[in-house]
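Participant: Provide a 3D model corresponding to the input given below.
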Amino acid sequence: MPTVNDIVVRKPSPEEAQTCRAWPTWSCDVSQFDWSYDQIETCLILQGEVTITDTSGSGESISFGPGDLVVFPVGLQCKWNVTQPVRKHYNFS
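Facilitator: Residues are numbered from 1 along each chain as shown. All right, here's what the predicted structure looks like:
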């Protein structure tokens with residue numbers, strides 16, 4: 001089962017960022033919620049701060065914010081902690 005260590009967080013190339021801007025957007029106020037991924041999700045964070053914590057027992061976490069390109073693996077089970085309202089472009093594959 002994937003963990004937060006399998007999440008990819010990096011800065012996109014200008015070409016990748018341009019592609020992401022064509023994707024739909026999603027927004028969320030400060031909150032916490034459990035989430036599981038049944039598809040790969042790639043997103044470009046436009047604003048906000050998020051910490052993802054592994055719910056498989058390790059308790060490890062990873063944080064990201066504006067300008068980060070984030071890829072979540074299939075099978076990941078985690079808790080989202082949105083510490084600053086987030087807005088992102090997203091794509092499922």
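Participant: from here on, contacts and neighbour counts on C-alpha atoms
Facilitator: Will do.
Participant: can you tell me which strand in this protein is longest?
Facilitator: strand 77-92 (DSSP state E).
Participant: and that one, which strands flank it?
Facilitator: For strand 77-92, the paired strands and their directions (DSSP bridges) read strand 25-28 (antiparallel), strand 31-36 (antiparallel), strand 41-54 (antiparallel).
Participant: Off-centre distance for that strand?
Facilitator: How far strand 77-92 lies from its chain's middle: 5 Å, per C-alpha atoms, centre = their mean, to the nearest Å.
Participant: Could you list the buried residues of it?
Facilitator: Q77, C78, K79, W80, N81, V82, V86, R87, K88, H89, Y90, N91 (16 or more other C-alpha atoms under 10 Å).
Participant: For V71, which residues count as its bridge partners?
Facilitator: Residues in beta-bridge contact with V71 (DSSP bridges): V8, T42.
Participant: where's it relative to V4, distance?
Facilitator: Noted for V71: a distance of 11 Å to V4, by C-alpha to C-alpha, to the nearest Å.
Participant: Look at the two and report which has more neighbours.
Facilitator: Using other C-alpha atoms under 10 Å, the more surrounded residue of V71 and V4 is V4, with 22 against 19.
Participant: Grab the nearest non-local neighbour of the more buried one.
Facilitator: Leaving aside its sequence neighbours, V4 sits nearest to D54 (C-alpha to C-alpha, 6 or more residues apart in numbering; 5.6 Å).
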